[in-house]
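In: give me a 3D structure for the following:
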Amino acid sequence: MEIKNWLNNDKLSFGLLLGLFIPVPVALIFAVILRLIQVNFLIMGETRLVNMFLLGIAVNIVMMRYYILKVSFINTAKGILIITLALVLLFFFFLKNSNFTLPF
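Out: Prediction:
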């Protein structure tokens, strides 16, 4: 019950923290799921970790929509938007052509 109260904050700083810390675990979950699919269906292709990072950033958009439409926390949604835009710019300026691949 305490987590539910913690997630009900309408603060810009809370949105910045959510937007920064949610994409990394989600990207790792996507990477593990993709690797399991590759192993089970014998599709051995090289997967770039930065593409999984971009999918993790997409989760921020879903969170932002939730905070705007469902609970009407505009300041939290603004924080998520700021971090999402910064991460997308980081991706396209620095990571798009990088050769980081998954180690497994």
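In: how about the residue of the chain positioned farthest from its centre, phi and psi?
Out: For the chain, the largest distance from the centre (CA atoms, centre = their mean) belongs to residue 42, which lies 27.4 Å off. Per-residue torsions, residue 42: phi 60, psi 40 (degrees, to the nearest 10).
In: quick check: it vs residue 9, distance?
Out: 46 Å (CB to CB, to the nearest Å). C-beta here means a position set from N, CA and C on the backbone, and glycine is covered the same way.
In: and if you look at residue 32?
Out: Distance, residue 32 to residue 9, by CB to CB: 30 Å.
In: same deal with residue 69?
Out: 17 Å.
In: more neighbours, these two?
Out: Set residue 69 next to residue 9 and count neighbours by other CB atoms under 10 Å: residue 9 wins out with 15 against 9.
In: wait, a strand at the more buried one?
Out: No - the assignment for residue 9 (DSSP: H, G, I helix; E, B strand; the rest coil) gives coil, which keeps it out of a strand.
In: which residue packs closest to it, ignoring adjacent ones?
Out: Of all residues not flanking residue 9 in the chain, residue 76 sits nearest, at 6.5 Å (CB to CB, 6 or more residues apart in numbering).
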